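Participant: got a sequence here, can you model it:
(chains A and B)
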Number of protein chains: 2
Amino acid sequence: MTEPLPHTLQVGLGARSYPVRIGPGLLARRSSYPEDLVGADVLIVTNDVVAPLYLDAVTQALGQRRVETLVLPDGEAHKNLATFAGIIDRLAELVMHRDATLIALGGGVIGDLTGFAAACYQRGISFVQVPTTLLAQVDAAVGGKTAVNHAAGKNLIGAFYQPRAVIADVASLDTLGDREFRAGLAEVIKYGVALDHEFLEWLETSLDAVLARRHDVVAEAVLRCCAIKARIVEEDERERGRRALLNLGHTFGHAIETATGYQSWLHGEAVAAGMIMAADLSARLGHLDQAEVQRLRSLLLRAGLPAVPPPIGGRQMGQLMAMDKKVARGRLRLVLLSGLGEAYVDAGVDDDALQLTLSLADAR
Amino acid sequence: MTEPLPHTLQVGLGARSYPVRIGPGLLARRSSYPEDLVGADVLIVTNDVVAPLYLDAVTQALGQRRVETLVLPDGEAHKNLATFAGIIDRLAELVMHRDATLIALGGGVIGDLTGFAAACYQRGISFVQVPTTLLAQVDAAVGGKTAVNHAAGKNLIGAFYQPRAVIADVASLDTLGDREFRAGLAEVIKYGVALDHEFLEWLETSLDAVLARRHDVVAEAVLRCCAIKARIVEEDERERGRRALLNLGHTFGHAIETATGYQSWLHGEAVAAGMIMAADLSARLGHLDQAEVQRLRSLLLRAGLPAVPPPIGGRQMGQLMAMDKKVARGRLRLVLLSGLGEAYVDAGVDDDALQLTLSLADAR
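Facilitator: Have a look, this model is predicted:
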C-alpha cells in the first residue's frame, strides 16, 4: 500500500511545476493554501451546488486574505464564452491585478472555466484547483487543459495553462450524488484500460471499497490516476503525442455529449460508452478478443455506467466526430486498444469497421 | 549600414523560436510562406481597409493552399471579445482543424485579435503575422502579446502566444495614411528613448528619410526596433521584469486611450504624449534635465506627434492608471527614465510629483 494520507505528488514542468495534494479534509485546512501559492487577493469561483457545502470552509481556511466569490449556475450548459466573460467582468469590477489568485472550487466545468479565465485575465494570473468531483480530481484538475465549449464542439476554445496547485479533498466526494460519483469512475477506469493493466486489476479488486467511498481507497485511486496523468503531461504537455492516449473513449464520447446537448449524458457516462465503442472497434480490428471487451463491459456495469451509446444514430455520430479536435487534415485519429492497458493512436482506421461500431448508436 | 534587403532576424525562444523578415515586397512573395511555417489550410484575417490593398497579393502568394478569408471592420473599437468570438465562429464554420494556420494581415488590432484567436482555438493553432502598419511592424507583431480590450481596460483579456513567423513588408507602409505612419513612429522613438541612446541619435539624423518612407531607411529602423525587442522578449517573455521597460509611456498612454474611448487618439499618439509625461515626471524626480525633456519633445514634434496629453483631467487619468496592469498590490509601477536611452521601473513614485505631471492633462 501507499504512505499515510495525505498523499502529495509533483507535476514536473520546470518553472511551472506544481503539487497535487490528495486526502480527506484538505480543502478546509489552512496549510493547503500557503502564501507562496495563493496571494493576498483571491476570487473563488464555484457553483450554486458546491457553494452551500464548501465555500465557507475554503473562505475560512484562506484566513486574512481579501477573499471575493463568484457563484455560477451549475452545469456543463454554462461552460461557454458568455460565462467566461462573466468571470472576467467580475475580476475587472473587483479591480483584481496580475498578482491575484483564482480558486476553482467545484467540478470539471468550474475548473475548465476558471482556468481559462486565469489564463486570459491580464494574459495570465495564478489559479489553484480545488476539485470536488471525482472526475475533476482524477482528470480535469490536473494537466492544465482549460476550455469552454462552442456550439460546434466541446472545448473548442481554450488554453494549456497549468494551475499553481491542486488540492483534492477526497472527503468532499462524500456529498457527491451517486450518479456523478459513478461518472467520475469512468475516467478512473479509463486510466487502467488505456495505460496500466495492473491498475485495472487493482480496480477490479477494489471497486466495492471505492463505491463505498472509503477515504483511504478513494485516495489511493485518485493518487494512482494523478500519477499516471502527471507522468504523461510531463512528457507531452501540449498533446502532440502520447497525451492523446488519455482521450480513450473521448472522441466517441464528445460526439455523444454534443448530440445530446451536454445535458442528458454526464461526461463520464459518455466516456464509458465511448470506451466500449473503442473496445468494440479494437476487437473488430483484431486487437482485442471478445472476452476482453466483456471484461471491460462488466467493470463498467459494476460501476453503474452505461456500456452502450444512446440511439443518436451512427451517421450523426460520425459527422460529429469529424469535427473533433483529433481530426488532422481530414483524417480521423482514434485512440484504440492493442490490449487492455495498452492504448495507441490509430490514424488510418478501416472505415467499414468504424461504421459497424458506429451502428451501435443506431436506434434499437 | 546593414546588409542588403530583406533583413532576417530570429526571436530565440527554444522550440517557439521564429524568424522576423523585413523588406519591401515580402508579403506578395511565395517564399515568405514556406510549407514548414504555413500549412495547407489557411484563414487570413484582415480588415476592410487593408483587404482591398493586399488581400489578393497574399492569397496569390499562398498558391495551392485552401485559403479562406475573414474581413473585419477597421479600428480599435472592434478589438473586443465579440470580434474574437466571430473569428472562432468562422474557424468552426470552416471546420478548421488543429493544423490550420491563421494569417494576421493588418495593423496591431488585427494582429492582437488574430493572435488571441490562434492562441485559443482548439487550445492553440499556428499563426503568422503580416503587419502592414509601422506600429505593428516595430512592436505589436513581434513578441507574442495577443489580447482584446475590455470596458475596464485595454488588453485586459489575452495570452502570451508567439507567431510562427513575422513578415514585415516595408513597401506596404507606402499606403499608410500620414497620421498612422507618424503614430507608428512614436513606438520607434520609444525604443531609442527607453533603451538605446545610439538609436535615438540615429533617428534624429535619419528622421527626414524615415518620414519620406525611403524603403532602405524604414527597413533599417524596423530592423533595429525588432532586434531590440527580440533580445528583451528572449530574456523575459512573460514580462516579469525587463520587458516592462518597453511600456515606456504606455501607462499614461493607455489612460489617455481609455478616457477618449479608443477613438480620437491613435495608440501611438497616446504613447507619444505618455512618453512626454514619463519624461516630465523623471525630470521632477531629478533624473533628466529640462534640455533632455526638450530634446524628446523636439523629436516628437518633428515626427508630427502630440507632445501634450488631451485635457481629460489629471484626476480621471490617475484613476484610470490605477486599473492598469502594471499596478501591483495597489502600488503604481511606472516606467521612467534615468537618462535618455535608459528606462527603469519605479514602484515607489512620489505622489506629489506624479500629481504635478498628471496636471498636464487638466483643461488648459
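Participant: give me the neighbour count for A:Gly339.
Facilitator: Taking other C-beta atoms under 10 Å in any protein chain shown as the criterion, the count of residues near A:Gly339 is 14. Where C-beta positions appear, they are placed from N, C-alpha and C, glycine not excepted.
Participant: which residues does it contact?
Facilitator: For A:Gly339, the contact set (C-beta atoms under 8 Å, 6 or more residues apart in numbering or on different chains) comprises A:His197, A:His287, A:Leu288, A:Glu292.
Participant: now with 6 Å, please.
Facilitator: Applying C-beta atoms under 6 Å, 6 or more residues apart in numbering or on different chains to A:Gly339 gives no contacts.
Participant: what about the lengthiest helix in chain A, near chain B?
Facilitator: Ranked by residue count, the top helix of chain A under DSSP state H comes out as helix A:215-235. No. On the criterion C-beta under 6 Å from any C-beta of the partner chain, helix A:215-235 is out of touch with chain B, staying 13.5 Å away.
Participant: neighbouring contacts of the helix or strand following that helix?
Facilitator: Scanning forward in sequence from helix A:215-235 by DSSP states H and E, the next helix or strand is helix A:250-259. If you take C-beta under 6 Å, 6+ apart as the criterion, helix A:250-259 is touched by A:154, A:265, A:270-271, A:274, A:277, A:309, A:312, A:316-317, A:320-321, A:324, A:326, A:334.
Participant: Three-state assignment for the residue located most distally from the centre of chain A, please.
Facilitator: For chain A, the C-alpha lying farthest from the average C-alpha position belongs to A:Gln64; by C-alpha atoms, centre = their mean, that distance is 31.8 Å. Three-state call for A:Gln64 (DSSP: H, G, I helix; E, B strand; the rest coil): coil.
Participant: how near is it to chain B?
Facilitator: 15 Å (C-beta to the nearest C-beta, to the nearest Å).
Participant: just A:Asp350 next, same as before
Facilitator: A:Asp350 is 21 Å from chain B, by C-beta to the nearest C-beta.
Participant: how about A:Leu336?
Facilitator: From A:Leu336 over to chain B (counting by C-beta to the nearest C-beta), the distance is 20 Å.
Participant: count of neighbours near that residue?
Facilitator: Neighbour count for A:Leu336, taken as other C-beta under 10 Å: 22.
Participant: please, which helix or strand holds it?
Facilitator: With DSSP H and E as criterion, A:Leu336 is part of strand A:334-339.
Participant: phi first, then psi, for A:Ala136.
Facilitator: Backbone geometry at A:Ala136, expressed as degrees, to the nearest 10, gives phi -70, psi -40.
Participant: ok, back up a step: from the contacts of helix A:250-259, list just the buried residues.
Facilitator: The neighbour-count test (16 or more other C-beta atoms under 10 Å in any protein chain shown) marks A:154, A:265, A:270-271, A:274, A:277, A:309, A:312, A:317, A:320-321, A:324, A:326, A:334 as buried among the contacts of helix A:250-259.
Participant: close to chain B: what parts of chain A are there?
Facilitator: A:81, A:85, A:88, A:92, A:97-99, A:120, A:122-123, A:150, A:152, A:157-160, A:325, A:327-329.
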